[in-house]
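Asks: Could you work out the structure for the sequence below:
(chains A and B)
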Amino acid sequence: MPEKVHTHFGNLAEESAPKPTLATDEPSATENAGHKKKRSKKRKREEAANEPQAPRDDADSNAKNASPSPNAPGEGSKSEEKVDSVPQPQESAPAPKSKLKPKSKPFSDNKTNFTSLREKANTLYELRKKLPIFGHADEIRKNLRDQDVMLLVGETGSGKSTQIPQFLVNEFWCRPQPAKICKEDGTTKSVTVGGCIAITQPRRVAAISLARRVAEEMGTPLGSSSPASKVGYSVRFDTSTSPSTRVKFLTEGMLLQEMLHDPWLTKYSAVVVDEVHERGINVDLVTGFLRNLVSGKREGRGGVPLKVVVMSATADMESLLGFFQEGFKGQPQLQNGTSDEESEAPTKDEASKDISVCHIKGRQFPVKTIYSPAPVHDFVDAALKIIFQIHYKEPMPGDILVFLTGQETVEALENLVNEYAVGMDPNLPRILVLPLFAALPQVAQQRVFAPAPPRTRKVILSTNIAETSVTVSGVRYVVDCGKAKVKQFRTRLGLDSLLVKPISKSAAIQRKGRAGREAAGQCFRLYTEKDYLSLDETNTPEILRCDLSQALLNMKARGVDDIVRFPFLTRPPREALEKALLQLLNINALEETGGISKVGMHIAKLPLTPTLGRVLLAASEHGTECLIDVIDIISCLSVETIFLNTTSEEKKEAAETARRDLYRREGDHLTMLSTVRAYAGENADRKAWAERHLVSHRAMQSVMDVRKQLRNQCRQSKLLPRDDRQDHHHDPSPVDILQSFLCGFATNTARLVPDGSYRTVVGNQTVAIHPSSVLFGKKLEAIMYNEFVFTNRTYARGVSAVQMDWVGEALAGQ
DNA sequence: GAGCACTGC
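Replies: The predicted structure follows:
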């Protein structure tokens, strides 16, 4: 029910703003109202390589968001850093005959204009010198000469992500060191340790664009474009490095993968863990492994130290400091026992006992905070008032960024602002409303980065995507509803909940900061100061909010037998750990003793959740054809939803008909299979095919990437024949496929009860088929589902019809 | 009758 609320903010006069009667009289302004289906939705955000975004005037975030393409829209709206673009090599260019380096990848050094690279680097150097971190270079170098671990608090805009690797790369300890390592049989082996710096990032876009930026600053070609390239990156499906790579940006997951093969990280002299405050689960694993590595005897590195820099934007350094100190305290004194005398590695034992801490101010303009004087019940309505208040009162230029909770509230407010703007004083500047959320099609997202037309104020209505992932320039006003949707895994129910929750103080500060990137700004918080003070300090780490089975299997695969003694940055509750262990036992990934099984080892190497990995192995027992089909389905399940929502009514009709030949009565799994097959079988124009069927072309491209990766892996592990180049035109066997899935998802099943609803087989919970399912509204004996999610009610997503006796068998088999 | 944000040999 819409409530009339008075949102009078500070001393800002309200009378000049139009009275938003619409907002208060119109129920649809609320979170659950119905301004929906106005636009095509559900498309994954463009991958890094195609993501043009406006550059910014601070190097740090500029690099993280900058467009890879020199001609991308949005680039150059700020001129400060706009320099002649460096020639960007194209991966697809045919290999020219190069006299210089015949072994090099297609891209030739004779095309790389080193002079122009150097010139550009010189220009950039002038800008680098102005970064807040630049004056700390010597201090940072000294810290890391003396100590192995450094914690660095660098506020946004300090330039830490781009500059730290450059400060360190020419240090003596960063050179490759000859070392001898003891092998298990007692013999020693001469190896080279170190030489490279790894910098981890939570997102692929950031990893790629930072690499590009640092390459420019260092005046070196990027990645695999030249064998002389000193800067590269590595993200899933896209690794670009050269034999000369000294600075490598990678995603956290990628470093974990590298550690699975090289637990001692022998390639690296230093690992920089960036954006730790975001606290994704992978950061918790990485820091845990790194702590063991730096505080241990380094025998696998021949005693050569590994420098670790942990960087965060928020000042929550005490817990990190305590975490690493604990590691040094608990370990035996470093005796450098296995290192050899010729090694030039510093042998200062005491160095590894200490940790340095460095604090760098950000470069930020002041932002004035204005709180709501009274609690706000309808933040869409409150935001509407504030938007027009700002627009009427505040001078141009100055765009408005509004943080909302989800697509629904974004679209509701979008409609209200547009309706309202019609009656606005024609002498006022115009308002351009721009929605921004991850499911928004790429083209629509890009409109946010284009500068506003003359005499127009942009009003960006965003989910928390704008908090970290995306930077919009031109913003001077932030309106913060104080809430966000958070996914939380509830261990006891095995249920994922997506709920609107208050944000943390650090998120509130982050949102506010978005107003002060280019000039002084204002932040309107749609909650009281008292509410602010009662917020949690930091975001709940992901490790406390997610299913731990994959993380635990990962640890087991690395030989961490005693999970309880693993150094967790934040220790998950015992119950969550036990649940995950039980789940791994159920799918036979662990032995009864708790050690990893052969099956588990196999699953751990797959880029899949343990359950999906188990399904893949089960399918291989049903034969090659079943495995091929199950890989197609699993590929769909590991990307965002592949079906787009229909835009207009007429289009909907046509699309529904076109899609109907893809639908399978067995359920979503076989529907996905038929979709992948049809898409892969389309040789003429896959994009047009996808459009005709209202299937997300982007999602399908990811599906094909995953499919290729999984097929390759199955070939390597001999689950698939090496020469399966023939097309797989066999008829799928739904029974084999669904029974394979039941091997992983036996507990994700529900049966129909007499009142027509479904109850879970384990736990007897009520569950409804999600409206996105092809089985929505159908009554079947029993269903199996991939996800059990709570939003407004409990839903099963990724649903297929199964028989109760299969479920019984599958449960018995566990 | 519905979709916060990320990510992986």
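
Asks: dump the residue contacts of residue A:511.
Replies: A:403, A:467, A:478, A:480, A:503, A:523 (C-beta atoms under 8 Å, 6 or more residues apart in numbering). No exception for glycine: its C-beta is placed from N, CA and C like everyone else's.

Asks: How many residues are close by the closest residue to DNA strand B within the stretch 101-250 of chain A?
Replies: Closest to DNA strand B within the stretch 101-250 of chain A is residue A:236: 2.9 Å, counting by C-beta to the nearest atom of the strand. Using other C-beta atoms under 10 Å as the criterion, residue A:236 is surrounded by 16 other residues.

Asks: Please look at it and residue A:255 and confirm they touch.
Replies: No. At 12.0 Å, residue A:236 does not count as touching residue A:255 under the criterion of C-beta atoms under 8 Å.

Asks: Check the residue of the stretch 101-250 of chain A closest to DNA strand B and give its pLDDT.
Replies: Confidence at residue A:236, expressed as pLDDT, is 92.

Asks: same question, residue A:125
Replies: In this model, residue A:125 carries a pLDDT of 82.

Asks: Check whether it really touches residue A:216, as I assumed.
Replies: No. Under the contact definition of C-beta under 8 Å, residue A:125 does not touch residue A:216, with a separation of 10.7 Å.

Asks: ok, those two, which is more surrounded?
Replies: Using other C-beta under 10 Å as the criterion, residue A:125 and residue A:216 rank with residue A:216 on top: 24 against 12.

Asks: Touching, the more buried one and residue A:123? I think so.
Replies: No. If you go by C-beta under 8 Å, residue A:216 and residue A:123 don't touch, sitting 9.4 Å apart.

Asks: What segments of the stretch 601-750 of chain A are helices?
Replies: For the stretch 601-750 of chain A, the helices defined by DSSP state H, counting those that start in this stretch cover A:610-621, A:624-637, A:649-660, A:668-681, A:686-692, A:697-716, A:734-745.

Asks: Now tabulate those helices in TSV and tack on mean neighbour count and mean pLDDT.
Replies: Shown next, in TSV, are the helices of the stretch 601-750 of chain A (neighbours: other C-beta atoms under 10 Å; pLDDT from 0 to 100):
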stretch	mean neighbour count	mean pLDDT
helix A:610-621	24	95
helix A:624-637	24	95
helix A:649-660	13	74
helix A:668-681	21	94
helix A:686-692	16	88
helix A:697-716	19	92
helix A:734-745	23	95
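
Asks: any chance of those helices in a markdown table, with distance to residue A:150 too?
Replies: Output for these, formatted as a markdown table (distance: least, C-beta to C-beta, whole Å):
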| stretch | distance to residue A:150 |
| --- | --- |
| helix A:610-621 | 35 |
| helix A:624-637 | 41 |
| helix A:649-660 | 55 |
| helix A:668-681 | 47 |
| helix A:686-692 | 48 |
| helix A:697-716 | 36 |
| helix A:734-745 | 43 |
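
Asks: Kindly provide the distance from the closest residue in space to residue A:121 that isn't next to it in sequence to residue A:145.
Replies: Spatial nearest neighbour of residue A:121, excluding adjacent residues (C-beta to C-beta, 6 or more residues apart in numbering): residue A:219 at 3.2 Å. Distance of residue A:219 to residue A:145, given as C-beta to C-beta, to the nearest Å: 25 Å.
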